[in-house]
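Colleague: coords please:
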Amino acid sequence: MGSEWYGKKIRNWVGPTVGDALDSACYRKSEPFSSSQLCPLGYNKTDTNCIAQCPLSYPIKCGLECIPQNDNCILEILQKTASVVSVVFNTATVGVFGEVKAAYKKAHQTYMCAASIIGVLKSLIYYLRFQQTTAPQGSVEELLAVAYQTDVVVVDLPIAVCTCLGLPVSFSARVTGVVIAVVENIVKQAIVNGTRFYLLRLTALNSPDESTLVEIQDFLDSNTTCGFQLKSLTDRISTAIESIRNVTPSATSEDIRVTISRSSLVLTDVASVTNNCMGEILGNKTTEASFQTRDLLRKTMGIIIDQLIETNATDMGVSVAKDEATLESANLGLVVLSGLDPTGILWMVSQFVQPTCGPTSFIGEIDDGTLFDALGLTTVDEAFEGSYGAWTKEGDGMVNILFKSIDTKDVNVVIHSGGSKYAEVKVASGETVTWNASIAELQDKTLYLDRWRPNFIGIPGSGGGSLVLWVPRSSKGGHLALNVRINAS
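Modeller: Now for the predicted structure:
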């Protein structure tokens, strides 16, 4: 599900807000090992469990905590603030679906039905248009065969039909004869009539509630797709988790978490879908507020994924009936976003995002740009002020750092990856030093630089400034070039 699926390209950049710290510290989230003693991506393995790597907003490891850029671990330990509360992450997520479900139940079913069907049709028709423009000679039968290989028809449309029919959104309901028959007819109508199908059929709803028809018309006029994309993504994640449990009944929650963390859903799809929402969000928000909303979308998706995994858990082979709260997630309010400002429901659930930090997630593959825009390069104080660089998605798979000193003293630059010390580079006064590493070693982690410089009595200290940025993954190799200026401060 790349941006080409929705026909609109918004550059996927880290942006200026994902690294903003909202507290003085956060506790590193921990998870048990999987049955194969593996950790999810973004976690480091300890003797007893998996512990989160420090995220962009808190890039410095300080024991079981992470602290903001340029902060001091010793001072944090000595001056621990009461505002940071140690919470178990599952406690932070308890009730999120309950809140969403309450919002869903207040919605009109007619609106929900129409919004679901229209949202699916928008994606399906766009895809069919793409097929027709690339293979204009395609017949109805050929297009039908192609359509039946897409998630839109296999997952999204059956769920939407279940919503309209008032059926539970379970796998068994999705494959019943009546649902399949309705799906077949909708797909055929979409191929033959395109957008005219859902526009002409709007009056066929015959809703006794005039306000519902107004809502549906507003939804059509808004031409919004963000909410439907989020709902569709949640459907796919729920289906993937259900599939893992059916194929591997003995899978624990930890096993599923590891598998999902390495899937394309997490590595690329969440980033693509949330970034596609930027086009709509930018229409009525400032750039910074738009990035904040996108970051919140990604955090919320992380919470939803965790809860989908936990609420449908089995106990090492014990067969458990599928939790309705999990299988009905498609209908639990995310579809309401289809016709509303995406921030409405997201700010409601943001209260569940507590100061317990997991790894930076759902960044995805980053498009070309300067390090400030593309990878969120940020310097604090004077030590590295004036540093700059660029990221390209295609490249040799290398990180190249050029340290150029205009300092009057020799310094040591400490390089941290994911919060842990990775390397140390000596840079003599006035000299230029290069340092290289592969992107594969550093990808999906923060890269943090601080500098150790002798003070007036010759004792080295790390004060004076720092630099942080994100190192992304790239299926095309990627290349990161960073010019680090070392100043006297």
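
Colleague: from here on, contacts and neighbour counts on C-alpha atoms
Modeller: OK.

Colleague: Any figure for the gap between the nearest residue to Ile281 once chain neighbours are set aside and Glu424?
Modeller: Leaving aside its chain neighbours, Ile281 sits nearest to Ser290 (5.7 Å; criterion: C-alpha to C-alpha, 6 or more residues apart in numbering). Separation of Ser290 from Glu424 (C-alpha to C-alpha, to the nearest Å) stands at 37 Å.

Colleague: and these two? which has more neighbours close in?
Modeller: Ser290 (22 against 16; other C-alpha atoms under 10 Å).

Colleague: Tell me which other helices or strands the host helix or strand of that one touches.
Modeller: According to DSSP states H and E, Ser290 maps onto helix 287-311. Contacts defined by 3 or more C-alpha pairs under 8 Å, 6 or more residues apart in numbering; DSSP states H and E place helix 287-311 against helix 89-93, helix 226-247, helix 253-261, helix 270-276, helix 278-281, helix 324-327, helix 343-349.

Colleague: what about dumping the CA coordinates of the fourth one to PDB?
Modeller: Taking only C-alpha atoms (Å, rounded to 0.1, in the frame of the first residue of the first chain), the coordinates of helix 270-276 have been written out as PDB:
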ATOM      1  CA  VAL A 270       1.800   2.300   8.700                       C
ATOM      2  CA  ALA A 271       4.300   4.900   7.600                       C
ATOM      3  CA  SER A 272       2.700   5.200   4.100                       C
ATOM      4  CA  VAL A 273      -0.900   5.400   5.300                       C
ATOM      5  CA  THR A 274      -0.200   8.000   8.000                       C
ATOM      6  CA  ASN A 275       2.000  10.000   5.600                       C
ATOM      7  CA  ASN A 276      -0.800  10.000   3.000                       C
END
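
Colleague: who does that helix touch, helix- and strand-wise?
Modeller: helix 226-247, helix 287-311.

Colleague: Would you mind putting those into TSV with distance to Phe362 alongside?
Modeller: Listed next are the helices and strands packed on helix 270-276 as TSV, based on distance: least, C-alpha to C-alpha, whole Å:
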stretch	distance to Phe362
helix 226-247	13
helix 287-311	6
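
Colleague: So which of these is nearest Val414?
Modeller: helix 287-311 (28.6 Å; C-alpha to C-alpha).

Colleague: Could you pull up the mean pLDDT of the closest one?
Modeller: Per-residue pLDDT over helix 287-311 has a mean of 78.

Colleague: Any buried residues in that helix, and which?
Modeller: 287, 290-310 (16 or more other C-alpha atoms under 10 Å).

Colleague: Stretch 248-260 now?
Modeller: For stretch 248-260, burial by neighbour count (16+ other C-alpha under 10 Å) applies to 249-260.

Colleague: go on, stretch 21-39?
Modeller: Going by neighbour count (16+ other C-alpha under 10 Å), the buried part of stretch 21-39 is 21, 24-34, 38-39.

Colleague: okay, how far is it across that stretch, tip to tip?
Modeller: Distance between the two ends of stretch 21-39: 26 Å, counting by C-alpha to C-alpha.
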